[in-house]
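[1] Build the 3D model from these lines:
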Amino acid sequence: MPSHPEPIISTNAFCSGQFAPHGEFRIQCLEGLLCYEAIGPFNLEAVRALGPARRQAFERWASTPGARPAVLVHWQHSALMSPEAFAAYHAGLSATVQSLAMPPVVAWVAEPELEGMDFMVERFAKVFADSRIEFRLFTDWREAERWLRARLAEADKR
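    Below you'll find the model as predicted:
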């Protein structure tokens, strides 16, 4: 993910619960895209903290009425999460999408050998499809960014 001096929202600021979080999501807005660094693996506490972090990011940077939000996620270390964490991710994403005028378009960037991505991407793709989120996985940041911008330009024409 490109390095910029933009403010960052971290799930570490929202963690609470019985156990310490394993994994972190860092969110910032870069040239109109909500960019996440997802540093896994993730437990339930880390994923629960994503809800308020995501809400704050969308309110701060993606609240333009009628605009389609675009999300670019750069995965690092691992995409694995416990079944409980995955269920919390699904519930939190569904709640976020219901609060938006339009579902976001989402691009992920991960190295092909990223731990757990081959296993998790199919599960996430189903969650995205259930929420009417257009989704695609890439290995190159610039290619993912071009695809997102093309999807946004197409949405603007409608």
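[2] Tell me which stretches of the chain form strands.
    9-10, 24-30, 33-39, 70-76, 105-109, 134-138 (DSSP state E).
[3] Can you name every helix or strand that the shortest one contacts?
    Counting contacts by 3 or more Cβ pairs under 8 Å, 6 or more residues apart in numbering; DSSP states H and E, strand 9-10 packs against strand 24-30, helix 44-61. C-beta here means a position set from N, CA and C on the backbone, and glycine is covered the same way.
[4] So for stretch 111-126, what gets flagged as buried?
    114-117, 120-121, 124 (16 or more other Cβ atoms under 10 Å).
[5] Stretch 131-141 now?
    In stretch 131-141, counting by 16+ other Cβ under 10 Å, buried: 131, 133-135, 137-138.
[6] Who are the contact partners of the residue most central in space within the chain?
    Nearest to the geometric centre of the chain sits Val73, at 5.2 Å (Cα atoms, centre = their mean). By Cβ atoms under 8 Å, 6 or more residues apart in numbering, the contact set of Val73 is 35-38, 106-109.
[7] Also Leu50?
    So Leu50 contacts 11, 14, 25, 89, 92 (Cβ under 8 Å, 6+ apart).
[8] out of those, which are buried?
    Buried subset of these (neighbour count, 16+ other Cβ under 10 Å): 11, 14, 25, 89, 92.
[9] got the residues you listed as a markdown table, with pLDDT columns?
    Output for the buried ones among the contacts of Leu50, formatted as a markdown table (pLDDT from 0 to 100):
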| residue | pLDDT |
| --- | --- |
| Thr11 | 93 |
| Phe14 | 90 |
| Phe25 | 96 |
| Tyr89 | 95 |
| Gly92 | 92 |
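[10] quick check, nearest of these to Gln56?
    Gln56 lies nearest to Phe14 out of the buried ones among the contacts of Leu50, by Cβ to Cβ, at 8.3 Å.
[11] For the chain, which residues score under the pLDDT cut-off?
    1-6, 156, 158 (pLDDT under 70).
[12] Swap in 90 and give it another go.
    Applying pLDDT under 90 to the chain flags residues 1-7, 15-22, 32, 58-59, 61-68, 96-104, 153-158.
[13] What's the local residue count around His90?
    His90 has 18 neighbours, counted by other Cβ atoms under 10 Å.
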